[in-house]
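Chemist: Provide a 3D model corresponding to the input given below.
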Amino acid sequence: MSPILHVLEQGLDKLSPQERRLANYILQQPSSISRMGITQLATQCGISPATVTRFCKTFHFEGFPDFKMKLAAELAQQSIPGSYQDIIAGNPLAEIVKAIEANHVSSINDTTRLLSLPRLEQAIGYLIRARRIDLYGIATSSIVAQDFYQKLIRIGKNCTAFADSHMQITSASTLSSEDVAIAISYSGETKETIDALHCAKENGATTLSLTQYSSNPLADSADIALFSSSLEKGIRRGDMASRIAQLHIIDILFTGMISAQFNDSVKKLELSYKNVRRYRKDSGGL
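Modeler: This is a model prediction of the structure:
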């Protein structure tokens, strides 16, 4: 099942009766959606076109055309063999190597098809203009936050990553409309991270979220919601493919920032690289 269809199925209980009717129709006949206009689909489901638009925006699409295009892309990709594989007892090492490679490639591909270029451009613009950037993430998500932090400081951004929930709130309390807060949580339901994002927003900061693709509290609270693939399941998964997918988005944001301010960013990257090498050499670190 494609990531979009998977999320629709998981979210059925949260929908209104009209939206549930629409979701069930899409789940039963997904391949027909690409050939339908919004009015035709609404008539087929006995609902209004406005309900279709509202349904699409509930799942963080720009509208029905965006939903239809991304669903069609996912369905086309399904013809390519491969699915997420969990850890299996006694699996030969050669099979483990193949499985992890397949999981990571699938996760990146699925995430790329979910990306919204307008949202990415908007997020990059806010990050470039930000006076200060806060990064919030707990447990595995803190690793992703730290990765972005180490990238941003190399291009001179005033940035801090917090894994402690009390420090997240403390820092969020001092943000302003000139600042950006990025909250990272795969589930989108980590209470401490949601609270920090709410606090940052209350103080005027622009808020970004990075979660699995779903309608979740963190994404619903953010000014700009970014999504990674949501198909990695199983208690043994170890947040492997999902972490790779989130880092994929972080790399896109960072590269977009550098590209937009290329000369200045490259100078800072080269300077930080040279200084790290010089001081490591002086201290015998090499």
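Chemist: Spit out the contact partners of the closest residue to residue 204 other than its chain neighbours.
Modeler: Using Cβ to Cβ, 6 or more residues apart in numbering and skipping the chain neighbours, the partner closest in space to residue 204 is residue 177 (3.9 Å). In this view, the C-beta of every residue, glycine as well, is placed from N, C-alpha and C. Applying Cβ atoms under 8 Å, 6 or more residues apart in numbering, we find residue 177 in contact with 204-206.
Chemist: So what's the predicted local confidence for residue 177?
Modeler: pLDDT for residue 177: 97.
Chemist: give me the element it is part of.
Modeler: Using DSSP states H and E, residue 177 maps to neither a helix nor a strand.
Chemist: May I have the phi/psi pair for it?
Modeler: Here is the backbone geometry of residue 177 (degrees, to the nearest 10): phi -70, psi -10.
Chemist: What separation do you get for it and residue 92?
Modeler: Distance, residue 177 to residue 92, by Cβ to Cβ, to the nearest Å: 56 Å.
Chemist: With adjacent residues omitted, what lies nearest to the spatially most central residue of the chain?
Modeler: Centroid-nearest residue in the chain: residue 227, 2.7 Å away (criterion: Cα atoms, centre = their mean). Closest residue to residue 227 in three dimensions, ignoring its sequence neighbours and counting by Cβ to Cβ, 6+ apart: residue 213, at 4.0 Å.
Chemist: Quick one: residues contacting the one you found.
Modeler: 3-4, 7, 60, 114, 227-230.
Chemist: would a markdown table of those with distance to residue 162 be doable?
Modeler: Formatted as a markdown table, the contacts of residue 213 follow (distance: Cβ to Cβ, whole Å):
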| residue | distance to residue 162 |
| --- | --- |
| 3 | 29 |
| 4 | 32 |
| 7 | 29 |
| 60 | 25 |
| 114 | 27 |
| 227 | 22 |
| 228 | 21 |
| 229 | 26 |
| 230 | 25 |
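Chemist: What about the residues you listed, which one has the most neighbours?
Modeler: Highest neighbour count within those, by other Cβ atoms under 10 Å: residue 228, with 29 neighbours.
Chemist: That one pairs with what?
Modeler: Following DSSP bridges, residue 228 is listed with bridge partners residue 212.
Chemist: Next one: it relative to residue 31, how far apart?
Modeler: 25 Å.
Chemist: wait, which of the contacts of residue 213 is closest to residue 87?
Modeler: Distance to residue 87 across these (Cβ to Cβ) is lowest for residue 229, with 18.2 Å.
Chemist: per-residue confidence at the closest one?
Modeler: Listed pLDDT for residue 229 reads 81.
Chemist: for residue 48, same thing?
Modeler: 95.
Chemist: And for residue 232?
Modeler: The model reports residue 232 with a pLDDT of 53.
Chemist: What of residue 121?
Modeler: Turning to residue 121, the model gives it a pLDDT of 97.
Chemist: Next up, the contacts around it.
Modeler: Counting by Cβ under 8 Å, 6+ apart, residue 121 makes contact with residue 256.
Chemist: circling back to that earlier point, quick check: the residue nearest to residue 204 vs residue 206, distance?
Modeler: Separation of residue 177 from residue 206 (Cβ to Cβ): 8 Å.
Chemist: What of residue 115?
Modeler: Distance, residue 115 to residue 206, using Cβ to Cβ: 19 Å.
Chemist: Give me the more crowded residue out of those two.
Modeler: Between residue 115 and residue 206, residue 206 has the larger neighbour count (other Cβ under 10 Å), namely 24 against 15.
Chemist: Thought residue 181 was touching that one, still the case?
Modeler: Yes. Using Cβ atoms under 8 Å, residue 206 is in contact with residue 181, at 7.5 Å.
Chemist: ok so, going back, which of the contacts of residue 177 fall in strands?
Modeler: residue 206 (DSSP state E).
Chemist: Show me where the protein has its strands.
Modeler: 133-137, 159-162, 180-184, 206-212, 224-228.
Chemist: So what are the sheet partners of the shortest one and their directions?
Modeler: Read that as strand 159-162. Paired strands of strand 159-162, with direction, are strand 133-137 (parallel) (DSSP bridges).
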